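[1] Provided below are the primary sequence and the corresponding predicted coordinates.
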Amino acid sequence: MWKWIQAFASPQNFYQTSAKIIPWFMIPFVALSLAGLYWGLVVSPADYQQGDSVRIMYVHVPAAWMSLFIYMVMAISGAIGLIWQIKLAHIVAKVSAPIGALFTLLALITGSIWGKPMWGTWWVWDARLTSELILLFLYLAYMSLNNAFDNPKTASKASAILAIVGLVNIPIIYYSVEWWNSLHQGSSIGVTKVSMQIDMFISLMLISFAFKFLYGALMLMRARDEVLVREQNSRWVRTLIEGKE
């Protein structure tokens with residue numbers, strides 16, 4: 001297993017193999033998105049208190065989940081790069097940051113749109129909202145730090161340390177509605193509980209998995225480009241470029 005991982009982590013092998021994997025991410029993304037939108041807009045009922053405005057949950061909640069998931073992938077990849085000196089791990093971390101930042105921004109925007117009719121305001125300095133905003137700043141700080149150095153190795157190491165330190169914010173986001181008084185509603189889905197109507201739960205899961213496949217496809221696409229940039233002086237890259245000319 002470790003030998004297979006090492007082989008896949010080779011920039012050339014990764015570039016060749018990822019091209020075959022990307023379609024297997026895009027097809028489920030499209031299928032799950034269509035199914036999730038149909039289930040969320042047609043099958044699932046309106047909420048007895050919030051009415052049809054609850055349907056924004058089917059984008060807001062999966063986007064918020066993705067903002068946490070991608071940050072953890074980014075931090076873990078950075079740690080792997082630091083410990084085992086695997087270049088591809090640093091590449092995965094770097095290309096994941098803009099995608100995670102976009103999901104975080106989507107979660108904040110849809111949350112504000114959802115909060116306006118529920119709370120009467122677009123924004124409150126609620127513990128969950130504030131910690132999610134801090135997560136967006138962490139993504140932006142990571143990207144800025146990564147671009148602050150001319151040497152890619154130095155940039156990768158410095159930004160990886162920042163990402164690892166920033167992990168402390170993840171449990172704060174997740175448990176903020178339990179630790180502090182919050183306008184934000186508590187979690188309806190846990191490890192051992194699902195306190196929502198089953199059609200709503202199905203919609204959330206479909207869109208959530210769709211977003212994960214989208215992230216996988218986008219990450220691989222961006223990683224392929226980054227590999228070419230970092231390996232531009234390698235023989236296999238020069239051969240590849242010459243073959244396209």
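    Noted; the coordinates are in hand. Numbers count the residues shown, from 1 in each chain.

[2] residues contacting the residue nearest the centre of the chain?
    Closest to where the C-alpha atoms of the chain average out (C-alpha atoms, centre = their mean) is I70, at 3.3 Å. Each residue near I70 by C-beta atoms under 8 Å, 6 or more residues apart in numbering is listed here: S96, I99, G100, F103, Y215. (C-beta placed from N, C-alpha, C; glycine too.)

[3] what's the most distant pair in these?
    S96 and F103 (10.2 Å; C-beta to C-beta).

[4] Residues in contact with both of these two, list them for me.
    Shared contacts of S96 and F103 (C-beta under 8 Å, 6+ apart): I70, Y215.

[5] any chance you could map the helices in the protein?
    2-9, 11-38, 57-84, 87-119, 127-146, 152-166, 169-179, 198-230, 235-244 (DSSP state H).

[6] Of all those, which one is nearest S44?
    Proximity to S44, assessed across those by C-beta to C-beta, is greatest for helix 198-230 (4.0 Å).

[7] Can you mark which positions in the closest one are buried?
    Going by neighbour count (16 or more other C-beta atoms under 10 Å), the buried part of helix 198-230 is 200-224, 226-227, 230.

[8] Now find how far off-centre it is within its chain.
    For helix 198-230, the distance from its own C-alpha centre to the chain's C-alpha centre is 7 Å (C-alpha atoms, centre = their mean, to the nearest Å).

[9] list the helices and strands that helix packs on?
    If contacts are counted by 3 or more C-beta pairs under 8 Å, 6 or more residues apart in numbering; DSSP states H and E, helix 198-230 sits against helix 11-38, helix 57-84, helix 87-119.

[10] As a markdown table, the ones you listed with distance to P171 and mean pLDDT would be great.
    Listed next are the helices and strands packed on helix 198-230 as a markdown table, based on distance: least, C-beta to C-beta, whole Å; pLDDT from 0 to 100:
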| stretch | distance to P171 | mean pLDDT |
| --- | --- | --- |
| helix 11-38 | 28 | 95 |
| helix 57-84 | 10 | 96 |
| helix 87-119 | 16 | 94 |
